[in-house]
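# Next input, structure requested:
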Amino acid sequence: MAATEMGMRPGRFSFGRNWKRFSLVIDEERIAAAVSNLETLLGGADIAGKKFLDIGCGSGLSSLAALRLGAEVEAFDFDVDSVEATEANLQRFAPTKNWKVTRGSVLDSHFISKLGTFDVVYSWGVLHHTGDMWKGIDLAASAVAPGGLLVLALYNDQGGASRRWLAIKRLYGRSPNVVRWVLVLTVGLWFEGRSALVRLIRGQNPLPFSDWNKRKTQRGMSVWHDLVDWVGGYPFEVAKPEQVLGRLKPSGFVLEALVTQGGGHACNEYLFVKAPAAK
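As a prediction, this is how the structure comes out:
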């Protein structure tokens, strides 16, 4: 596969290494939070016995959640470290082996076509890091069976702010480790300082610990590893909700649910249903 298709470009962030480190803190509490979050994203749909594709599996936490909900899971990632992390976590927490993990790229049309179709195709916070987000969306959508679900989380387009974040991410990728640490700590202090000020204005405790715990219980993720991923996460693309809807509507997808970030920098979450096959 061509290097450009696989996202191999100067400054590419080592996503897999970050999620391997995150794997050290995965426990039953985080898995339970991921299960709850996945149920919400799916709109309460029952996926027991359904075929579930996890595109860009990272640490494997979402795959674990799908397995706990009774799905048959196939997961893949371009990053070797992510493949290894997912395999290790599934072997540890889901020894039933009702899953398969492979290495591949969502930008590789031949690889995607060989996978077949799935009842649920899930890609949270991945396609905007491939280097060709729109192609990734198209190929992810092609793996959804008629009547199936497509779950996407894509970075919100903030206009000029998104361009400034892109510059920070490029700087991170081109910098030595000491500069990378300074960038991560600076952005983290800025985020937390802003949040502390908001809490003070509202008459709340300005310390961040309750917020950190809340984020853990929302998706099972880690504040620190999410911060590193955000600051270093390159390639980096963004999308407005109307762009995503316009892209998928011609392929027979109907928006079932949407959670937006307003003017924020985080991910908009989409749940689409693909039209059933014509009788």
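
# For the stretch 101-250 of the chain, give me the ranges with low pLDDT.
Along the stretch 101-250 of the chain, the model assigns pLDDT under 70 to residues 194-195, 199, 205-222.

# show me where it has helices.
109-115, 133-142, 160-174, 177-201, 209-219, 223-232, 241-248 (DSSP state H, counting those that start in this stretch).

# Just the CA atoms of the last one, as CSV, please.
Provided in CSV are the C-alpha atoms of helix 241-248 (Å, rounded to 0.1, in the frame of the first residue of the first chain):
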residue,chain,number,x,y,z
PRO,A,241,-22.0,18.4,10.9
GLU,A,242,-23.7,19.5,7.7
GLN,A,243,-20.7,18.4,5.7
VAL,A,244,-20.8,14.9,7.2
LEU,A,245,-24.5,14.6,6.6
GLY,A,246,-24.2,15.8,3.0
ARG,A,247,-21.5,13.3,2.4
LEU,A,248,-23.4,10.2,3.7
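
# still on that earlier bit, can I get the helices of the stretch 101-250 of the chain in a markdown table with distance to residue 154 and mean neighbour count?
The way it works is simple: take the backbone N, C-alpha and C, and place the C-beta from them, glycine included. Shown next, in a markdown table, are the helices of the stretch 101-250 of the chain (distance: least, Cβ to Cβ, whole Å; neighbours: other Cβ atoms under 10 Å):
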| stretch | distance to residue 154 | mean neighbour count |
| --- | --- | --- |
| helix 109-115 | 18 | 14 |
| helix 133-142 | 7 | 20 |
| helix 160-174 | 12 | 15 |
| helix 177-201 | 20 | 13 |
| helix 209-219 | 16 | 14 |
| helix 223-232 | 14 | 19 |
| helix 241-248 | 6 | 16 |
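
# Output these in a markdown table, with distance to residue 258 appended to each entry.
Listed next are those as a markdown table, based on distance: least, Cβ to Cβ, whole Å:
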| stretch | distance to residue 258 |
| --- | --- |
| helix 109-115 | 25 |
| helix 133-142 | 15 |
| helix 160-174 | 19 |
| helix 177-201 | 25 |
| helix 209-219 | 17 |
| helix 223-232 | 22 |
| helix 241-248 | 6 |
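
# among these, which is nearest residue 12?
The closest of the helices of the stretch 101-250 of the chain to residue 12 is helix 160-174. By Cβ to Cβ, the value is 6.8 Å.

# for the closest one, the distance to its chain's centre please.
Distance, stretch centre to chain centre, for helix 160-174: 19 Å (Cα atoms, centre = their mean, to the nearest Å).

# Give me the helices and strands touching that helix, please.
Using 3 or more Cβ pairs under 8 Å, 6 or more residues apart in numbering; DSSP states H and E, the elements in contact with helix 160-174 are helix 177-201, helix 223-232.

# who wins for proximity to residue 61 among these?
Taking those one by one with Cβ to Cβ, helix 223-232 is closest: 10.9 Å.

# Quick check: which helices or strands does the closest one pack against?
Using 3+ Cβ pairs under 8 Å, 6+ apart: helix 223-232 touches helix 15-23, helix 160-174, helix 177-201, helix 209-219.

# For the longest one, which helices and strands make contact with it?
If contacts are counted by 3+ Cβ pairs under 8 Å, 6+ apart, helix 177-201 sits against helix 160-174, helix 223-232.

# what about these, which gets the closest to residue 149?
Distance to residue 149, taken as Cβ to Cβ, is lowest for helix 223-232 among the helices and strands packed on helix 177-201, at 24.8 Å.

# Residues in contact with the closest one: which ones?
The contact list for helix 223-232 (Cβ atoms under 8 Å, 6 or more residues apart in numbering) reads 13-15, 18-19, 21-22, 168-169, 172-173, 180, 183-184, 187-188, 191, 212, 215-216, 265.

# Same check on stretch 40-51?
Outside stretch 40-51, the residues that touch it by Cβ under 8 Å, 6+ apart are 66, 69-72, 74, 117-120, 122, 124, 145, 149, 151, 256-257, 269, 271.
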